[in-house]
Every structure is written in C-alpha cells, then in structure tokens.
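**Q** sequence first, predicted coordinates after that:
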Amino acid sequence: MATRLFSSPESVAQGEPSWLAILETVWAMLLFWGMVWFADGQRLVWMPLWIAPFLLLRSPESTMQGARWFAAYLADKSQITPTGTPIRYWAILLPLIVGVTSFCTALLTDHFLPPQQSDLALFGYATLVGMLALWMAMAMAVAGAMVGSVVVALTVAFSLALGAARSGVAEIAFAWALVVTLVGIVAAPVALMWMGSVAGEGTLAIAILLAGIPWILGVWLRSLGVRLVATLSHPWCGLLALPDNWRRVLWVLDSRHPPELVPGLSRWTRSFSLVEIRGILRAPGMVRKLFGLLAFGCFFLPAILYRWSLKSTVWLYWPLLFLETVPRGRDAARLEPWRASLRQGRWERWRRWLSVFMVGLFFFSLFPPISPILGRVVPVGLLAAWQGCALAVGLLTLGVYGITRRAGDMRGLGGLVWLRNGGAVGFLGLTVYGFFLY
C-alpha cells in the first residue's frame, strides 16, 4: 500500500494514506497550539478534545441510517403537521421552539434594548432583535420538519414581546412583535416565489433575507441532529469502527476529499452536494452567488473544521493508533486477511516502529538524571503507571509481530491484540487524566 501525494476516491475507499493528509495533521496540531499560545484561551483546548471521540464513533450502520433519514427529510416524508403528527407538533416541537427562542431573545433584549436608549437606537436594535428571533424560530422549524410559517412568526412575536418586557420597553416590543409577525406571514409566499421563477434580483434578495438564511441554518441543524441520533443508535458498531476512523482521519483524508453534509448522502440523492453548490455559484446573478456562498459556508465549512479539529488532537489521542479491530467468528475469509495485515500491513509496521521508540524512551526515562525531572512534572505514581502502560503496549506490539512471523499455530493472537487494545486505552486514560488534572 503506497503513500499517495493526494487522496482520491479510490485511495480513500482502500484506506491509502496521502502525504497531504499527513501534512494537514501536523499543520492542524501546530495551528491549534499556536492559537492556544497567542489567544491564551482554555476553550480552544477543551472543545476539540471533547468532540473528537463522538466524531470518531461513526460506523457503516450509522452512516447508512443517517443518510436514509436525511434523504427522507429532503423528500418531505418526515414532516411534522398539526393533524398528521399532533403530539410531536403541539407537545414537543412547538413548545421547544417557543421556549428556546423566547429564552435566547430575552437574553438579546436585555443586552440590546435597555430603556435609556434613544428612540432611534431603540427602533434599530428592536429591528435587529426581531430579525434574529425570526431566523432562530424558522431555522428550528425547518430543522424539525415543521409545517406552517405563520406559527413560526407568532412564536417569534411572543418571544420578542417576552424578552422586551423584561427590559421595560413593552410598547416598542408590542409594535415590533406585530411587524415581525406580518413579516413572517409574508415570508412563506416570498420563499415560494424564490423557489420557483423569480422576477428580479430584488425579490430574490428579500426571499433570501427572510427565508433563505433560516432555511440554510435549519437544514444544517437537521443534519447535526440526524448524525447525532444515528451515531448514538449504534454505539457498539461505532466503538468497533473507531480505530479505522482515527487512522482514516489522520492519514487518509485531506483537502482533496470533499466533505459531505451527511456522510453517505450521495448514495440517495445529489442534493446538498458540492456539485449542486458549485452549480449555484456558477449561475448568473450576484444574489444567487451570495446564496451559494452562504450555503457552502454553513453546509461544508463546519465539516472541514471538524476534520481539522480531529487532526489537531493527535498529540493527546495518539494511543488510539494502537487499536486494532479483531474479526468476530472463525470465518477464514476474514481471519486470513486480518492476520496478513498484522504481518505485513503498513499500519502494523508503523505501530512496530512506534513501539520500538516507546520502549527505548521508557529505558531512557529510567536514567537518574531524567527521572527527577519527570517527577516534578507528573506525580511519581502516575508516571510509573504511564511508563508501565507504554512499555506493555510496546512489548505487546512486538509480541504480535513475533507471533505472526510464525507459520504455525496462531491461536491466541486475537487475545493478544485485545490486550494491546486494553493497554492503549489505559495509556490514553492516564494521558487524559494527567492532562486534565495537571
């Protein structure tokens, strides 16, 4: 398995590494620590470390299920209506939109609408808060496949009035709640005009402002929810796929591999793909190009940032490189390729070189001049457990190599690999514990 310069659909399917992916991993890690150093912010450290495990739990089962769910959403097969799905409409989605939008709008109103402002400034800020509330409510309605923009507009009016009343500007809140409600009622036919034949750029600009932006945000929120629920629906399959996902993100995927709004969606539909967005960007009209840029920034830019955030956590989660999935059952068609990959595979070769380095580093750390220095950074008990796990993972990897070299009995090889997986998980746990504690 040769290392390519850039990735291709064939190389990604076969798990072949690319030099560009490796360089992006190094670059993402350096960029991450550079941002931490210059920004001096702890959130930059915690957020990628928290989201990385979840993003690595994707499995073929969850990918297929998530793509199928999202394709059904695009085909309007999962709409929530007052008569068709009354419980989800009236008891779940509508109260959720009212509660979340009201709470967020109240926070915005406390900040932007203090009573001591002039009438002109209060007028302008009320307009801004009303538009943000409109976008928020409509985006949540689109994400929940909720039908009825009038209900969404009434939700916005209620949330704006509630938030403004807390700041003592009830009069202007009532007036602008009414305006936002009327705007929300008009938004539906304007959006329909935009979806069909639009007379001019001005009408299209109004449609994008009133309905296009919240529609984009709602579709993106829906994609996040679908991916989350699909991943949590197959936890064991996700754990089994975690080693391959980790190596794939670090060494296989690069900027030449296009991201997807929902993984596997291209098997069901070409909607919301880079090809479709590219067609919008090439269409005549500046407003359409602006809409295409907004869609690209919301649909695909987060996926690229997710990928880079995963790559930037290699400094902490690198023990996952030692994890290896053991085939279940005694099917020779699965066991023999797995044994061959342990004997001659590129990933196992990298593990062996890394194990030799770890074993050498362990004995180097035992020298009297080095041990006191490490003891000042990490407690002695934690350092000893750390070294023990590193030595065990290294020796087990070399043991796996020694057993696979033999042409005779291979029984117990799976148990040895599971022991190495346990040692790698323990090593990772101690690393995370030491980082978060010290």
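**A** Nice, I can see it.
**Q** against Met64, how distant is His234?
**A** Taking Cβ to Cβ, to the nearest Å as the measure, His234 falls 10 Å from Met64. Glycine gets a C-beta too; all of them are placed from N, C-alpha and C.
**Q** between these two, which is the more surrounded one?
**A** Neighbour totals were compared for His234 and Met64, and His234 leads with 21 against 16 (other Cβ atoms under 10 Å).
**Q** contact partners for that one?
**A** 59, 61-62, 65 (Cβ atoms under 8 Å, 6 or more residues apart in numbering).
**Q** so which residue is dead centre in this structure?
**A** Closest to where the C-alpha atoms of the chain average out (Cα atoms, centre = their mean) is Tyr306, at 5.0 Å.
**Q** and it, what helix or strand is that in?
**A** Element membership for Tyr306 (DSSP states H and E) is helix 301-312.
**Q** also Leu354?
**A** helix 346-365.
**Q** and that helix, what's buried?
**A** 346-348, 351, 354-355, 358-359, 362 (16 or more other Cβ atoms under 10 Å).
**Q** show me where the stretch 51-200 of the chain has its helices.
**A** Here the stretch 51-200 of the chain has its helices, by DSSP state H, counting those that start in this stretch, at 60-74, 86, 94-112, 119-143, 149-166, 170-195.
**Q** likewise for the stretch 301-438 of the chain?
**A** Using DSSP H, counting those that start in this stretch, helices in the stretch 301-438 of the chain cover 301-312, 314-317, 332-344, 346-365, 371-377, 380-405, 413-437.
**Q** for those, could you give me CSV that also reports distance to Gly124 and mean pLDDT?
**A** Converted to CSV, the helices of the stretch 301-438 of the chain look like this (distance: least, Cβ to Cβ, whole Å; pLDDT from 0 to 100):
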stretch, distance to Gly124, mean pLDDT
helix 301-312, 30, 87
helix 314-317, 46, 86
helix 332-344, 64, 80
helix 346-365, 59, 84
helix 371-377, 54, 56
helix 380-405, 57, 82
helix 413-437, 45, 85
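**Q** so can I have a markdown table of these showing distance to Ile97?
**A** A markdown table is the format used below for these (distance: least, Cβ to Cβ, whole Å):
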| stretch | distance to Ile97 |
| --- | --- |
| helix 301-312 | 22 |
| helix 314-317 | 37 |
| helix 332-344 | 48 |
| helix 346-365 | 47 |
| helix 371-377 | 50 |
| helix 380-405 | 48 |
| helix 413-437 | 36 |
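**Q** list the contacts of stretch 54-65.
**A** 227-228, 230-231, 233-235, 237-242, 245-246, 249, 263-264, 306, 310, 320.
**Q** just how off-centre is that stretch within its chain?
**A** What separates the centre of stretch 54-65 from the centre of its chain is 12 Å, taken as Cα atoms, centre = their mean, to the nearest Å.
**Q** give me the below-cutoff pLDDT ranges for the stretch 51-200 of the chain.
**A** Scanning the stretch 51-200 of the chain for pLDDT under 70 picks out the ranges 114-120, 122-123, 148-200.
**Q** how about 80 then?
**A** 54, 102, 105-131, 133-134, 146-200 (pLDDT under 80).
**Q** give me the domain ranges for the chain.
**A** Listed by automatic domain parsing, the domain ranges of the chain are 11-59+234-312, 73-218, 321-437.
**Q** compare these and report which one is nearest to Arg4.
**A** domain 11-59+234-312 (4.6 Å; Cβ to Cβ).
**Q** now do the same end-to-end measure for the closest one.
**A** With Cα to Cα, to the nearest Å applied, domain 11-59+234-312 spans 22 Å between its terminal residues.
**Q** what about that domain, distance to the chain center?
**A** Domain 11-59+234-312 sits 8 Å away from the centroid of its parent chain (Cα atoms, centre = their mean).
**Q** do the same with stretch 428-438
**A** Taking Cα atoms, centre = their mean, the mean C-alpha location of stretch 428-438 is offset from the chain mean by 23 Å.
**Q** hey, C-alpha coordinates of it in CSV?
**A** The C-alpha atoms that make up stretch 428-438 are tabulated as CSV, following Å, rounded to 0.1, in the frame of the first residue of the first chain:
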residue,chain,number,x,y,z
LEU,A,428,-4.9,7.0,26.8
GLY,A,429,-6.9,7.2,30.0
LEU,A,430,-3.8,8.1,32.0
THR,A,431,-2.8,10.7,29.5
VAL,A,432,-6.2,12.3,29.6
TYR,A,433,-6.3,12.1,33.4
GLY,A,434,-2.9,13.7,33.7
PHE,A,435,-3.7,16.4,31.2
PHE,A,436,-7.0,17.4,32.7
LEU,A,437,-5.7,17.2,36.3
TYR,A,438,-2.3,18.8,35.9
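**Q** so which bits of it are buried?
**A** 428, 430-431, 434.
**Q** neighbours of the closest residue to Met358 other than its chain neighbours, just the number please.
**A** Excluding the flanking residues, the one nearest Met358 by Cβ to Cβ, 6 or more residues apart in numbering is Gly394, at 4.2 Å. Here the number of neighbours of Gly394 (other Cβ under 10 Å) works out to 24.
**Q** correct me, but Gly394 touches Arg352?
**A** No. The pair Gly394 / Arg352 is not scored as a contact, 9.2 Å apart, by Cβ atoms under 8 Å.
**Q** related to what we said a few turns ago, could you flag which of the contacts of stretch 54-65 are buried?
**A** 227, 230-231, 234, 237-238, 240-242, 245-246, 249, 263-264, 306, 310, 320.
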